[in-house]
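K.L.:
fold the following for me, if possible:
(chains A and B)
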Protein chains: 2
Amino acid sequence: MTDGTGAGTHRLDRLLNPRSIAIVGASERNHYSNLAMRALRGLGFDGPLQLVNQRGAPAYGMESVTKCSALAEPVDAAYLCVPVAGLIDTVRDAIDAGIRNLVIVTSGFAELGGEGAAREAELKAMCAASDTRVIGPNSLGYRNNLGRVALGSIPFVEQPTRPTIALISASGSVASSVINYGIRQGTGFTHVIATGNEMNVSTADIIDYLIGIPEVRAIALFIEQVRDPATFAAAAERARLAGKPIVALKIGSAETTAAVAAAHTGAAVGDDKVFDAVCHRLAIVRVRTIEALVVTAATLAATGPIARPGVGLVSISGGICEIASDYGEAAGVSIPQFAEPTRAALAAVLSDLGQMHNPLDMTGAAVRDEDLWIKVPQILARDPAIGITLINWDVPSVAEPSMPNTLALIGRALAETTAPALLIANSENAVNEHGRAYLDQHGQLFSLPGIGKGMEAVGKLAWWSERVGRPPLPAAAPAAPAGAAHPVDERQTLDHLATHGVPVIPTRIVRTADEAVAAAQAIGEPVVLKILSADIAHKSEVGGVALNLAGDAAVAQAFDTMMATVRERAPAAAIEGVIVAPMRSGGIELLVGIARDPQWGLVCAVGLGGFWVDALGDTALCLLPAGRDDIVAAFRSLRGVRMLEGYRGAAPVDLDAVAEVVVRIGAAAAALGDDLAALEVNPLLVSGDRIEALDALAVWSTQ
Amino acid sequence: MTDGTGAGTHRLDRLLNPRSIAIVGASERNHYSNLAMRALRGLGFDGPLQLVNQRGAPAYGMESVTKCSALAEPVDAAYLCVPVAGLIDTVRDAIDAGIRNLVIVTSGFAELGGEGAAREAELKAMCAASDTRVIGPNSLGYRNNLGRVALGSIPFVEQPTRPTIALISASGSVASSVINYGIRQGTGFTHVIATGNEMNVSTADIIDYLIGIPEVRAIALFIEQVRDPATFAAAAERARLAGKPIVALKIGSAETTAAVAAAHTGAAVGDDKVFDAVCHRLAIVRVRTIEALVVTAATLAATGPIARPGVGLVSISGGICEIASDYGEAAGVSIPQFAEPTRAALAAVLSDLGQMHNPLDMTGAAVRDEDLWIKVPQILARDPAIGITLINWDVPSVAEPSMPNTLALIGRALAETTAPALLIANSENAVNEHGRAYLDQHGQLFSLPGIGKGMEAVGKLAWWSERVGRPPLPAAAPAAPAGAAHPVDERQTLDHLATHGVPVIPTRIVRTADEAVAAAQAIGEPVVLKILSADIAHKSEVGGVALNLAGDAAVAQAFDTMMATVRERAPAAAIEGVIVAPMRSGGIELLVGIARDPQWGLVCAVGLGGFWVDALGDTALCLLPAGRDDIVAAFRSLRGVRMLEGYRGAAPVDLDAVAEVVVRIGAAAAALGDDLAALEVNPLLVSGDRIEALDALAVWSTQ
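P.N.:
Sure, this is the predicted structure:
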């Protein structure tokens, strides 16, 4: 519950929604101070505002005091725009004055490294000791448009009524671009928060705060680096369960971007593919441009989750229908063909029976019979495969549009259809006051700016809608007991997997040719011999693998040859023996590779074996712990997925069964504790009903 | 040479740039006539304009006559907006009156099929007999903004000065959307032409006309169907050699779009991947949205070809640099790192030496020292890898922008750098009168609307620039002599390939087991046996292939087994014998498949063999005849290209040598004449230096 100001009882409430504030460093000669005052006046902040400046000079027609401890009244939060040299003293003064919430624009801290980092450490310790919360340092601060309060220097822009998006941005200039584009699209921002160095208030903390504010219908992020992954994941999961979408523009997909980001703010951008997996797990919608950030967030904010992924589109332009059909398919949008009852209902209202395709070109019929603009969307909204109806018409931009009746009927359709409906323009265009009034009048929060961006946004909407309703994510696996054993060789690793229910190939370890022959007879020939040594990662490169052996002589000779070759090629390796295993042939080889990401913990890559990984890089990532569904989805996203679906008459792979094995491999990895750097099962052989780990390797970060 | 009105001596000149015109069907109660008059008045057409209407009633304050033959003065071209019932008679009257250029908006012709198609055939014959050129029927006509003349009903919009783009569109409503978006971006159109049914004037004819008009700096197309591929290809090649870019939004990539298009105008959209190959060959830039059509055409029009593909970007926002870096890489844009002399020159002007990455974040340094806005772009423009410099700043939208000095310096940089330079905005925004004035003042025709669209457009610019300067395309292969032999079985097909210099595997044909044994001995074992029958396309499915045979007994037994199995499984097949060939192993199997596209003729698909094609669909297409470079480029575009580049220590494939063989296979296919439907070499085995066709199949459209 809120009072419409975004207020509540969250620990960041007094910081981000203060009732009384101070500007420290206030002066008409201070650019940051001026911007802050302009924002407060633009918003019409009506709480107590006090000024502090070193000389106690008046500013903005108000008196000031020389330090916070001289302030007449208590303040919830203060904005500090003072030079770096005096910043520590200023903060100490503010804390002494009882102020526990600060926004610090001053730069010269961790982003510089070295001395700056030391300065930030001092500041952080001081704030921790007094439980003082800080946005920044090195942050342009924030604006809370709901609470009509700003502490910061983001250039002020008038917001449309009914803002829906909260923006959290690592970059003040990107934030300005996002706001400006959003406002041109007729969508407004409840909050805009530049996070700066995130010394003790992170993007994740702010997400957590925003979830509780009903007016915030979507959270948009511009991120360079996630600084506290666990908090971030928890906040994102809380947002998902609350049905509050998060849309993220995170840089770092290009190799060179990491260098730019390091120079920009010192951020370590992390592995981009892992962040993709993070987004997948947490239902965070990832976008690649400023425009897509706004359009996607505004779309999700406007409709909330849709019940079905299918999109129905109505137009009077055949050309637009064609472009939408093409672009929609390319963007992965489901544009289902109409169900029979839909076709029958359409036939009853459309004179031209020839055209029954989705997207639906109503042709000139809708000019002759304007009621089609309301009848047809209502029919589409009832189609069992359609979750959202798009009506193709440009938002009006003049007070007296040329076809007012059509616009009025479209407006009714947008307001009255039983499923979500949005207007989609022919091409990108700004929404001006007339457009906003039209949308408002018909209960619309947003319209889609053009076919390209519009189809992309509804594709993301469908993706998010499917994920937002899923059950809560499994809790992280309990930490492994300290001092857990470290399996080091293939045999120990397979044994460890077996204790977690992973089917592994039966093996025997032998130390002489005679033992090898006996083992082969016991196991059943043909067999494989593989050298067993914790010192040898790539066995075949040193002659440590012999395949398809049958007959005592062949087994014995292979044993002797292998020992001689390995001793010659890897003289330093300690050899524990030779593994004898049944020779498997046929089936499909999979790869399951688990690695520890420094930020996100255990990440599981699945793929087809061999060149699928080597030549195509065809793997898909999941964060662990993952459910079977996530793992099945990862396999299904592989380019080589056809190989699993019954390629050339082979039986299709039982992906649910494979996923269960992968879940167990993940549990086995988690049980090995934090020293585990990687655990690879390669191949995991699938042959008919049999799923079996043939080889496994554990890699440790400490030995 | 022109007089600035787009005039010339092209056969379409009087049609598209008439000096005297008539409107037939002129009436204030006729919507089409009204729109046509509004366009003429908006343009300020000042030549003779006469009106025709059935009743001879005055309209628009002018007199009219009842038929064309009653017109007082001759007219270059007439616009016919009369009901379909009287259209044929009206055209006859116009022709009788000596009018040889018509624009017909009337619908009810070939787009309806049946009776409409018959009506169009009659119209076409009448026009052919009198050499009368027609835009339409079923066309909204055109507007020639250079010549200040319009014959048609596309809603009039005021154009910016210095228009650069000519638009040809299959759809009137898409044309309107394109124009509206273009004008919002500050770019204007020299011509807008809706082609309708293209009865005797096609998109290709109009392209041919536009090439000769210097003010037309880019040609933008919205296409459903290319109706005359040969003319289209010739016009596109002429445009390429003239350095005039063509940008095409062609629908048809989604499977369902074909159905929508068929219902919309009866157009057969064709194979979309083949059209991609057409674009590749003809240097046509393909785009997927209305916005990209405008932005790409305007960008190419503004800069012309760039000498190098590299893009340099300058900003004062680190966040924007990161987004540009990420998005640029995803869009295939080359953002090269700076050369050493560039870095040295930058170090001399930038105080902060840490930041030397492209995109270049000049940080606050450029606020303190505004001259950096001109110095830095000039340094970047001289970098040996950079072909275009982008300066990141929003186009001004107010008369008195907040940072006039910065804008003035940026303007100078845009005008003065030695290589092309463009402004790139933070996010999409309309360009208003102030923005256009600023661009005009600094010699700029266009600015890039945001990082996403901007980076995509410069990526397309680089792609086009590389192709536009290539030598003329080879002429089509001469037609094969009629009655050329039709090789039908594998042996004949391989023999035919050999006569065109394609290396093929040596084979012998045998009819008995004894002959097979003798052949195997002569060829050298191991050998392969393959059934030889023109009736069997898939030999292995009927037991018609036996591999890796050595020893007389094995060969004889395989022969007998094969004959028995094939006779049982394919009892109707006429068996000519059995092919004996050496068994090849190792190497890489390629696929070369040539097929005849109904529109574009022979198309060559190359790929890696087997599952690369079956499971991944990993093939690349070229139109034939193709040069070796095109074929090498096709192989390099394969997802499995790493297999050709020395996978797992294998020797890399000599792609030039392979391409030469593919060129010969193409020549062999062309020599087989128009009855050839397909010619597939699968596999083409590459093993070390040896390239060899192991199997081949010809398919005939007539037998």
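K.L.:
next one: the longest strand seen in chain A to chain centre, how far?
P.N.:
Determined from DSSP state E, the single longest strand within chain A is strand A:676-687. Taking CA atoms, centre = their mean, to the nearest Å, one finds the center of strand A:676-687 at 27 Å from the center of the full chain.
K.L.:
helices or strands next to the next helix or strand after that strand in the packing?
P.N.:
Downstream of strand A:676-687, the first helix or strand assigned by DSSP states H and E is strand A:690-693. Contacts defined by 3 or more CB pairs under 8 Å, 6 or more residues apart in numbering or on different chains; DSSP states H and E place strand A:690-693 against helix A:655-670, strand A:676-687. All C-beta atoms are positioned from the backbone trio N, CA, C, and that covers glycine.
K.L.:
closest to B:S153 out of those?
P.N.:
Nearest to B:S153 among the helices and strands packed on strand A:690-693 is helix A:655-670 (57.1 Å), distances taken as CB to CB.
K.L.:
now do A:G152 against chain B, distance only.
P.N.:
Separation of A:G152 from chain B (CB to the nearest CB, to the nearest Å) stands at 16 Å.
K.L.:
how about the residue lying closest to that residue once chain neighbours are set aside, what does it touch?
P.N.:
Nearest residue to A:G152, sequence neighbours excluded (CB to CB, 6 or more residues apart in numbering or on different chains): A:G141, at 1.7 Å. Going by CB atoms under 8 Å, 6 or more residues apart in numbering or on different chains, A:G141 touches A:36, A:79, A:103, A:105, A:135, A:150-154, A:193-194.
K.L.:
if we can go back for a sec, parallel or antiparallel, which strands does the longest strand of chain A pair with?
P.N.:
strand A:588-597 (antiparallel), strand A:690-693 (antiparallel), strand A:696-700 (antiparallel) (DSSP bridges).
K.L.:
so can I have a markdown table of the ones you listed showing mean neighbour count and mean pLDDT?
P.N.:
Formatted as a markdown table, the strands paired with strand A:676-687 follow (neighbours: other CB atoms under 10 Å in any protein chain shown; pLDDT from 0 to 100):
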| stretch | mean neighbour count | mean pLDDT |
| --- | --- | --- |
| strand A:588-597 | 21 | 92 |
| strand A:690-693 | 19 | 95 |
| strand A:696-700 | 20 | 90 |
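K.L.:
ok, which of those strands comes nearest A:V606?
P.N.:
Across the strands paired with strand A:676-687, closest to A:V606 is strand A:588-597 (CB to CB), at 5.7 Å.
K.L.:
contacts for that closest one?
P.N.:
Against strand A:588-597 from outside (CB under 8 Å, 6+ apart): A:270-271, A:274, A:602-610, A:613, A:619, A:624, A:643-644, A:650, A:653, A:658, A:662, A:665-666, A:669, A:674, A:676-687, A:701.
K.L.:
show me what the next helix or strand after it is packed against.
P.N.:
Next helix or strand after strand A:588-597 toward the C-terminus (DSSP H and E): strand A:601-608. Contact partners of strand A:601-608 among helices and strands, from 3+ CB pairs under 8 Å, 6+ apart: strand A:588-597, strand A:619-623, helix A:628-636, helix A:655-670.
K.L.:
a markdown table please, covering these and showing distance to A:K250.
P.N.:
Putting the helices and strands packed on strand A:601-608 into a markdown table (distance: least, CB to CB, whole Å) gives the following:
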| stretch | distance to A:K250 |
| --- | --- |
| strand A:588-597 | 15 |
| strand A:619-623 | 15 |
| helix A:628-636 | 20 |
| helix A:655-670 | 25 |
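K.L.:
just name the most buried of the ones you listed.
P.N.:
strand A:619-623 (a mean of 23; mean count of other CB atoms under 10 Å in any protein chain shown).
K.L.:
ok, that one: who's next to it in the sheet?
P.N.:
As assigned by DSSP bridges, strand A:619-623 forms pairs with strand A:601-608 (antiparallel).
K.L.:
ok, back up a step: the helices and strands packed on strand A:690-693: lowest mean pLDDT?
P.N.:
Mean pLDDT values for the helices and strands packed on strand A:690-693 show the minimum at strand A:676-687, a mean of 92.
K.L.:
so which of the contacts of A:G141 are in helices?
P.N.:
Judged by DSSP state H, helices contain the following of the contacts of A:G141: A:A36.
K.L.:
could you identify the pair within the contacts of A:G141 that is furthest apart?
P.N.:
A:A36 and A:I193 (14.3 Å).
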